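S.K.: Next comes the sequence, and after it the predicted model I'd like to discuss.
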Amino acid sequence: MPRFAANLSMLYPELDFLDRFEAAAKDGFKAVESLFPYAYEAKALAARLKGNGLQQVLFNAPPGDWDHGERGLACLPGRESEFRAGMGKAIAYPPAWSAKRCGRCT
């Protein structure tokens, strides 16, 4: 049986990002994903996830300067420290969200 996650970066654009969690839950989603959640503290996102019975199943590491066409830093010479810092930021988010695993993770 397929399981779908609401992409909160794309769905419900008429709502503030934090309000999209409730909208996804009301539409029957059990899981959400987003491109780059870093404008919000992990604890604020965790509260929205928990409050709406949702699980975060996907998000991306910081991409660099998205507005100027960057779509990742790993292959850009001279940007190694920015890439490492971005990965550190990305790694710090999931522990605040939930200890519950999605069932596909080990």
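M.R.: Received the coordinates, thanks. Owing to the predicted nature of the structure, the values given are computational and were not obtained by experimental measurement. Numbers count the residues shown, from 1 in each chain.

S.K.: List the buried residues in the lowest-mean-pLDDT helix or strand in the chain.
M.R.: Ranking every helix and strand in the chain by mean pLDDT, DSSP states H and E puts helix 80-97 at the bottom, with a mean of 90. In terms of neighbour count (16 or more other C-beta atoms under 10 Å), helix 80-97 has its buried residues at Phe83, Gly86, Ala90, Tyr93, Trp97. From N, CA and C alone the C-beta is placed, and that goes for glycine too.

S.K.: And the last one, how close does it get to Glu80?
M.R.: Counting by C-beta to C-beta, to the nearest Å, the separation of Trp97 from Glu80 is 27 Å.

S.K.: Also the third one?
M.R.: According to C-beta to C-beta, Ala90 and Glu80 sit 16 Å apart.

S.K.: Tell me the one of the buried residues of helix 80-97 nearest Gly28?
M.R.: Nearest to Gly28, judged by C-beta to C-beta, of the buried residues of helix 80-97 is Trp97 at 20.4 Å.

S.K.: Thanks again, I'm all set now.
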